[in-house]
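In: Pasting a predicted model and its sequence here:
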Amino acid sequence: MKKYRALFLDTDGTLLDTLQDILNAVNFALKGCGYEKQYSYEEGKKLIGGGAYVLAQRAIAFAHPTEEQYKAFEELFLKKYLELQDATTKPFDGLTELLLSIKDHYKLFIISNKPQFLLDDIIKKTFPEGLFIEACGHKIGNPEKPDPILINYLVDKYHLNKKECLFIGDSITDIQTAINGNVDSCLVTYGYGVNIDSFKEKATYVANSVEDLSKLLK
């Protein structure tokens, strides 16, 4: 796909299979805060999509916590997740090989709602050094996806042409980020996105597997 020169990639559910480690940290924090609720794998998919802070809010919403209770849960969750986040997390099969094979043809960037300190840690642990030009996570004070702030930041910093940029993600949040940022998008359906059929038509392309994504990009 020679019309594109830069790829913006989501992390959870697009690059990395992270859900089990996230769930383990959520369930650990719930138990540590005295709640009996434990999320199943399928339930966990509905928590993902807005970054760690939004995920924490969703995970404990059932308890209608006070601000103090929420902060205690959030702190325990983030501490445990930093400890656990590379326990089972790994790139989806074939993803690393695909990215290595195309890195000379595309500028590769990450745009994630994962807090920057967590993103830096997991990318360092799971991908070859230098694969991505820049990995942009969420920083406190900035809006999260679907706000296009990180698209615009990278376009400006690296003098990119939006017509030559493709956003790749697994959720409606990612597709809406691309729309808001005025760049094309590719929805990958192998990730954690829910209710995908309701917004497939909003994406420029759809890839049902890493193999499909490879055919699209090569």
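Out: Good, I have the coordinates. Because the structure is a prediction, the values reported are computed rather than measured.

In: Give me the domain ranges for the chain.
Out: Domain ranges of the chain: 6-17+89-217, 19-84, per automatic domain parsing.

In: And the strands in this protein?
Out: 6-9, 16-17, 90-91, 107-115, 134-138, 165-169, 184-188, 205-207 (DSSP state E).

In: Next, the buried residues of stretch 143-158.
Out: Using 16 or more other CB atoms under 10 Å as the test for burial, stretch 143-158 gives 144-146, 148-151, 154-155. Bear in mind the C-beta positions are built from the backbone N, C-alpha and C, glycine included.

In: In a markdown table: those residues, plus distance to residue 41 and pLDDT.
Out: Below are these laid out as a markdown table (distance: CB to CB, whole Å; pLDDT from 0 to 100):
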| residue | distance to residue 41 | pLDDT |
| --- | --- | --- |
| 144 | 24 | 93 |
| 145 | 23 | 95 |
| 146 | 25 | 96 |
| 148 | 31 | 98 |
| 149 | 31 | 98 |
| 150 | 29 | 98 |
| 151 | 31 | 98 |
| 154 | 33 | 98 |
| 155 | 36 | 98 |
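
In: Show me the residues you listed that map onto helices.
Out: Cross-referencing those against helices under DSSP state H gives 149-151, 154-155.

In: about what we covered before: in CSV, list the strands of the chain along with mean neighbour count, distance to residue 101 and mean pLDDT.
Out: Output for the strands of the chain, formatted as CSV (neighbours: other CB atoms under 10 Å; distance: least, CB to CB, whole Å; pLDDT from 0 to 100):
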stretch, mean neighbour count, distance to residue 101, mean pLDDT
strand 6-9, 23, 13, 98
strand 16-17, 22, 18, 96
strand 90-91, 16, 14, 96
strand 107-115, 24, 12, 96
strand 134-138, 21, 19, 97
strand 165-169, 26, 15, 98
strand 184-188, 25, 17, 97
strand 205-207, 17, 16, 96
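
In: Export those as a markdown table, with columns for distance to residue 194.
Out: What follows is these, written out as a markdown table (distance: least, CB to CB, whole Å):
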| stretch | distance to residue 194 |
| --- | --- |
| strand 6-9 | 20 |
| strand 16-17 | 16 |
| strand 90-91 | 22 |
| strand 107-115 | 16 |
| strand 134-138 | 21 |
| strand 165-169 | 13 |
| strand 184-188 | 12 |
| strand 205-207 | 15 |
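
In: May I ask you to name the longest helix in this structure?
Out: The chain, longest helix under DSSP H: helix 67-84.

In: Check the offset of that helix from the chain's centre.
Out: 19 Å (CA atoms, centre = their mean, to the nearest Å).

In: ditto for stretch 184-198
Out: That offset, for stretch 184-198, works out to 12 Å (CA atoms, centre = their mean).
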